[in-house]
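[1] could you look at this predicted model? Sequence included:
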Amino acid sequence: MPETVERLKQEINSAGAKLFTVVDHSGEAQSVGLSLRDTKLILFGNPALGTRVMAEEPLAALDLPLRVLVWQDDSGAVWMTYIEPAWLADRYGLGTEAARPLRAVERIVGQVADPAVE
């Protein structure tokens, strides 16, 4: 889990995006005496590109910055889950060009899942 989170952070940086924050859901649960499988939410984006999306459709700010949920299942496998860019584009009625910045999540997660992917 820590390795996946670190690789994701490195890939975000390599892509020229900004890491806004890492929300440690499991750590916060532990801080109040509760147990939660290892779960972290990574928020990142490119302000220059994300601003263009929000300028076209202000409500897109509900789903920006982009986010990846990194979590560990009961068998110990680590997963990276995100909202599909096509779904987001559909949700906000964005055209192909306006929605292009949303696809960064696929590229970044793809590089972490399989560094041979370009």
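    Received it, and whenever you're ready, just let me know what you need.
[2] report all helices and strands that the helix of greatest length in the chain contacts.
    Identified as the longest helix of the chain according to DSSP state H is helix 2-14. Secondary-structure packing of helix 2-14 (3 or more CB pairs under 8 Å, 6 or more residues apart in numbering; DSSP states H and E): strand 18-24, strand 39-45, strand 66-72, strand 78-81, helix 104-113. Every C-beta, even on glycine, is put in place using the N, C-alpha and C of the backbone.
[3] check contacts around the residue nearest to Asp24 when sequence neighbours are not counted.
    Once flanking residues are discounted, Asp24 sits nearest to Lys40: 5.4 Å by CB to CB, 6 or more residues apart in numbering. Contacts for Lys40 (CB atoms under 8 Å, 6 or more residues apart in numbering) come out as 1, 5, 22-26, 69-71.
[4] which of the residues you listed sit farthest apart?
    Within the contacts of Lys40, two members stand farthest from each other by CB to CB: Met1 and Val23, at 14.3 Å.
[5] what about those two, which has more around it?
    Remark: of Met1 and Val23, Met1 carries more neighbours, 17 against 14, as counted by other CB atoms under 10 Å.
[6] ok, now how distant is the closest residue to the more buried one other than its chain neighbours from Ala29?
    Closest residue to Met1 apart from its sequence neighbours, by CB to CB, 6+ apart: Asp38 at 4.7 Å. The gap separating Asp38 from Ala29 is 10 Å, by CB to CB, to the nearest Å.
[7] any low-confidence regions in this structure?
    Within the chain, the segments meeting pLDDT under 70 span 116-118.
[8] thank you kindly, that will do.
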